[in-house]
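**Student:** With the sequence up front, the predicted model follows.
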Amino acid sequence: DVLTFGGSWLNFGGSIVTLPEAALPEYTVRVQFTDTSYVPTRAVINGTSSTGTWTAVDASQGIWDCYAYTDLWRNLFRLKHSIIGANNYAKVLGVNVGSTVTNISHMFDSNDALTEVHNFRSSADLINVYTDSIFYNCQYLTSVQIDMSGADAISAMFQSCFRLTDVDIKTTNTLVYARNVFLNCSRLVSAPQLVTDNVLYMNRMFDGCTALTTVPNY
């Protein structure tokens, strides 16, 4: 008994039901916190100033949307214990990079409370966006699902993600730069398929991947 109205899902009582992550509006990141009593108050950009507005989707499940209407998403999210709490962890349920965003590099750099990322996509044309090092040094990150179609660079995307075991990444023949993508991903066993037709730089791609057993025929 669900009605679709204006892109939102409502039941007859008028309460909001969680949107499918694929239907996230632009400039929005959906996050689920393990501490359901936690109320996020800011997303930090460039480590200095706050941006974005947090809205509860299902607070009883710790699910919140952050709407950040800005062209610069570099270093946008600080899902770190020092900010969200020592015993609180975060799972990203969905991302929709806005169409005017020009930089998402280091977006989650060194987020030590981030564990999973799902349904990461972009309304922007990624060939015009800085896209390297998005999850650099996310040491508790275990699983990622990300659509990088149209991007020319994924260098250092997962560098030093020591606990990463599951990677689903979509690329296209626009990809050129793939340096250090999985550098020091010491628990990664199977590398994901990538479109490498036009890649020019792949140095140190799997350096330090001591558990790696399977690599596709790039």
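**Tutor:** Done, it's in.

**Student:** From residue 40, how far off is the closest residue in space to residue 216 that isn't next to it in sequence?
**Tutor:** Nearest non-adjacent residue to residue 216, counting by Cβ to Cβ, 6 or more residues apart in numbering: residue 193, 4.7 Å away. Every residue, glycine included, has its C-beta placed from N, CA and C. Look at residue 193 and residue 40: by Cβ to Cβ, to the nearest Å, they are 35 Å apart.

**Student:** These two: who's more crowded?
**Tutor:** Between residue 193 and residue 40, counting by other Cβ atoms under 10 Å, residue 40 is the more crowded of the two (19 against 14).

**Student:** Please look at the more buried one and residue 33 and confirm they touch.
**Tutor:** Yes: contact criterion Cβ atoms under 8 Å: residue 40 and residue 33 qualify, at 7.4 Å.

**Student:** got any residues that touch both of these two?
**Tutor:** Shared contacts of residue 40 and residue 33, defined by Cβ atoms under 8 Å, 6 or more residues apart in numbering, comprise 64, 84.

**Student:** Output the lowest mean pLDDT helix or strand found in this structure.
**Tutor:** One helix or strand of the chain scores below all others by mean pLDDT, DSSP states H and E: strand 3-5, with a mean of 40.

**Student:** tally of neighbours for the closest residue to residue 73 other than its chain neighbours?
**Tutor:** Once flanking residues are discounted, residue 73 sits nearest to residue 104: 4.5 Å by Cβ to Cβ, 6+ apart. Residue 104 has 26 neighbours, counted by other Cβ under 10 Å.

**Student:** Now do the contacts for residue 104.
**Tutor:** Residues in contact with residue 104 (Cβ under 8 Å, 6+ apart) are 73, 74, 76, 97, 122, 129, 130, 131, 134.

**Student:** Kindly report the same for residue 81.
**Tutor:** Each residue near residue 81 by Cβ under 8 Å, 6+ apart is listed here: 88, 112, 113.

**Student:** Return the distance of the second one relative to residue 86.
**Tutor:** Remark: distance between residue 112 and residue 86 (Cβ to Cβ) = 10 Å.

**Student:** Could you check which of these two is surrounded by more residues?
**Tutor:** Between residue 112 and residue 86, counting by other Cβ under 10 Å, residue 112 is the more crowded of the two (15 against 8).

**Student:** quick one: the more buried one and residue 80 touch, right?
**Tutor:** Yes: the pair residue 112 / residue 80 is scored as a contact, 5.4 Å apart, by Cβ under 8 Å.

**Student:** Number of residues surrounding residue 205?
**Tutor:** Residue neighbour count, defined by other Cβ under 10 Å, stands at 19 for residue 205.

**Student:** ugh, wrong one, I meant residue 39
**Tutor:** Residue 39 - counted by other Cβ under 10 Å - has 12 other residues nearby.

**Student:** what helix or strand does it sit in?
**Tutor:** Using DSSP states H and E, residue 39 maps to neither a helix nor a strand.

**Student:** from here on, count from 55
**Tutor:** Sure, I'll start numbering at 55, so the last one becomes residue 93.

**Student:** ok, residue 176 to residue 82 distance?
**Tutor:** Using Cβ to Cβ, we find residue 176 at a distance of 12 Å from residue 82.

**Student:** just to revisit the earlier point, the residue nearest to residue 270 belongs to a strand?
**Tutor:** No: under the criterion used here (DSSP: H, G, I helix; E, B strand; the rest coil), residue 247 is coil, not part of a strand.
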